[in-house]
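Novice: need the 3D shape of this:
(one chain, ligands or ions: 2)
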Amino acid sequence: MDGADDGKVIRVELYKLNVYGKGSFFKSHKDTPRGEAMFGSLVVVFPTAHEGGALVLQHDNKEWTFDSAALTKAEEESSIAYIAFYSDVDHEVTPVTSGHRVALTYNLFFEDKKLYAKLPMSVEPVAPDEDRIEAALSAALANPDFLPQGGYLGSGLSFKYPISQYSTPSITVLKGSDAAIHRACQRLSLKPSLYVVYDTDDVSVLVPAQNTLHNGELENDITVLLCEECDGRIIHEFGASKPNCDYDDFDYDIIRLAWVTPLTQYFTFQSDYIAHGNEATAAYIYGDLCLAVKVGPYGDRRAGYEYVMDSILENRSSEEDGDNSGEENDDTAEEDVEEEAVTEGDSAEDDGEQTAQEEHGVH
Ligand SMILES: O=C(O)CCC(=O)C(=O)O
Ligand SMILES: [Fe+2]
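Specialist: Ligands and ions are numbered 1, 2, ... in the order given. Below is the predicted model:
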């Protein structure tokens, strides 16, 4: 604002939508102040084809014409036209002669700067809070009761991803909170990868995403196929009772897995296989994609082989005890951390990617 108003903070409030068809006009008027601090009006005209409908302003024997139809037409790219004026300026809209003129009007208010500074931002960034995720993960790993013998951290995906029938997405396509969890892990020197959780009749099996089951053939048991052919591991969920199964008899690993964010069904797909019983039958099983990473036991979290060891090893030119680099960057200053710090949807706030736009006023 010019003159004495220079530097003032302006609050913009959507007032109404006007749609002018052929013959429509708005006779000359001043805008009614809606509160003491209101000083002006803002008009935004959309680039819908129309003729006529110029906004004519008059003040102090002077006249200005804001011909939105001509202005938007003159632009090569589809553009809005806008004008702001003091509300006590007389203004009118001349008759529209063809097409439709669509305009939003806003009321402009001076805002007390100090008060304004205390208000929450109206447009909060929707990016997930990576620092919080990292702190929660770090706190969990510093907790001796959390996966004391080591295991896997798992995170359900919050977004959907395009997939063809026989491919799983690459980690580089992760979006929003999924990407934030991935980055937060990396900041803790963890290197998660994509896995699929298959639910068989009696157990859940974690399978590296690149080994997903496609047209496998099995003699007797789907769990055996997943563990033997797909390098799967039977999951014993951290905090849950042991899976009720006989696989202890087999030579398969049963892993402890803690869900950092719950497994979702946003990315469920179907794997087909042939089951050979007394006759061969086509069968299928559903898998849910997730992020997971192996971590070591309490006190030696870095023993998980999926930690990013390379950079650590690069920094220690001559030493050979690569697996015991626990003194570096341990991120675990906090003590008495609660287990639940990491168990519930740390990424919930970014669901939906809200936009703080004014468009909802158009109806
Ligand atoms: O549509 C316009 O350009 C102006 C509308 C207007 O003056 C008003 O809504 O008060
Ligand atoms: Fe007006």
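Novice: pull the helix or strand with minimum mean pLDDT from this protein.
Specialist: Lowest by mean pLDDT, DSSP states H and E among the helices and strands of the chain is helix 309-315, with a mean of 43.
Novice: how far away is the residue in the stretch 151-300 of the chain that ligand 1 sits nearest to from T261?
Specialist: Closest to ligand 1 within the stretch 151-300 of the chain is G176: 37.9 Å, counting by Cβ to the nearest ligand atom. Every residue, glycine included, has its C-beta placed from N, CA and C. Using Cβ to Cβ, to the nearest Å, G176 is found at 12 Å from T261.
Novice: neighbour count for the two, which is higher?
Specialist: The residue with more neighbours, out of G176 and T261, is T261; 24 against 18, by other Cβ atoms under 10 Å.
Novice: apart from its chain neighbours, what residue comes closest to the more buried one?
Specialist: Spatial nearest neighbour of T261, chain neighbours left out: S155 (4.7 Å); criterion: Cβ to Cβ, 6 or more residues apart in numbering.
Novice: so H236 touches K242, yeah?
Specialist: Yes - under the criterion of Cβ atoms under 8 Å, H236 makes contact with K242 at 5.5 Å.
Novice: thought A184 was touching E130?
Specialist: Yes - using Cβ under 8 Å, A184 is in contact with E130, at 5.2 Å.
Novice: of those two, give the one with the bigger neighbour count.
Specialist: A184 (27 against 18).
Novice: list the buried residues of the helix or strand where the more buried one lies.
Specialist: For A184, the host element (DSSP states H and E) is helix 176-187. With burial defined by 16 or more other Cβ atoms under 10 Å, the residues of helix 176-187 counted as buried are 176-182, 184-185, 187.
Novice: same deal with stretch 185-195?
Specialist: Within stretch 185-195, the residues that count as buried by 16+ other Cβ under 10 Å are 185, 187-192, 194-195.
Novice: CA atoms only: put that stretch into CSV for me.
Specialist: Extracted C-alpha coordinates of stretch 185-195, given in CSV (Å, rounded to 0.1, in the frame of the first residue of the first chain):
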residue,chain,number,x,y,z
CYS,A,185,15.6,-43.6,8.0
GLN,A,186,18.5,-42.6,5.8
ARG,A,187,19.3,-39.7,8.1
LEU,A,188,19.7,-42.4,10.8
SER,A,189,22.0,-44.4,8.5
LEU,A,190,19.2,-46.9,7.9
LYS,A,191,18.6,-48.0,4.3
PRO,A,192,15.0,-49.3,4.0
SER,A,193,13.8,-51.1,0.9
LEU,A,194,10.5,-52.2,-0.4
TYR,A,195,9.0,-55.4,0.7
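Novice: so that it lines up with my notes, have the first residue be 49 from now on.
Specialist: Done: numbering now begins at 49, and the last item shifts to stretch 233-243.
Novice: rounded mean pLDDT for that stretch, please.
Specialist: For stretch 233-243, the mean pLDDT works out to 89.
Novice: and stretch 81-100, end to end?
Specialist: End-to-end distance for stretch 81-100: 27 Å, by Cα to Cα, to the nearest Å.
Novice: run the contact check for that stretch versus ligand 1.
Specialist: Yes - applying Cβ under 6 Å from any ligand atom, one finds that stretch 81-100 is in contact with ligand 1 at V91.
Novice: average model confidence for that stretch?
Specialist: Rounded mean pLDDT across stretch 81-100 is 87.
Novice: name the residues of it that are buried.
Specialist: 86-96, 98, 100.
Novice: between those, which is nearest ligand 1?
Specialist: In terms of Cβ to the nearest ligand atom, no member of these lies closer to ligand 1 than V91, at 4.3 Å.
Novice: what about the closest one, is that helix, strand or coil?
Specialist: Under DSSP: H, G, I helix; E, B strand; the rest coil, V91 falls in the strand class.
Novice: for the stretch 299-411 of the chain, give me the ranges with low pLDDT.
Specialist: Low-confidence segments of the stretch 299-411 of the chain (pLDDT under 70): 299, 310-332, 351-411.
Novice: rerun at 80
Specialist: 299-301, 309-335, 350-411 (pLDDT under 80).
Novice: near ligand 1, which residues of the stretch 149-298 of the chain are found?
Specialist: Those residues of the stretch 149-298 of the chain that sit near ligand 1, judged by Cβ under 6 Å from any ligand atom, are 151, 153.
Novice: quick one, helices of the stretch 149-298 of the chain?
Specialist: Assigned by DSSP state H, counting those that start in this stretch, the helices in the stretch 149-298 of the chain fall at 161-166, 178-189, 224-235, 270-277.
Novice: okay if I get these as TSV plus distance to R304?
Specialist: Below are those laid out as TSV (distance: least, Cβ to Cβ, whole Å):
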stretch	distance to R304
helix 161-166	47
helix 178-189	13
helix 224-235	17
helix 270-277	16
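Novice: where among these is average confidence lowest?
Specialist: Lowest mean pLDDT within the helices of the stretch 149-298 of the chain: helix 161-166, a mean of 48.
Novice: please parse the protein into its domains.
Specialist: Using automatic domain parsing, the domain ranges for the chain come out as 51-172, 178-397.
Novice: list the contacts of the residue nearest to T309.
Specialist: Contacts for S203 (Cβ atoms under 8 Å, 6 or more residues apart in numbering) come out as 226, 229, 240, 307-309, 338-340.
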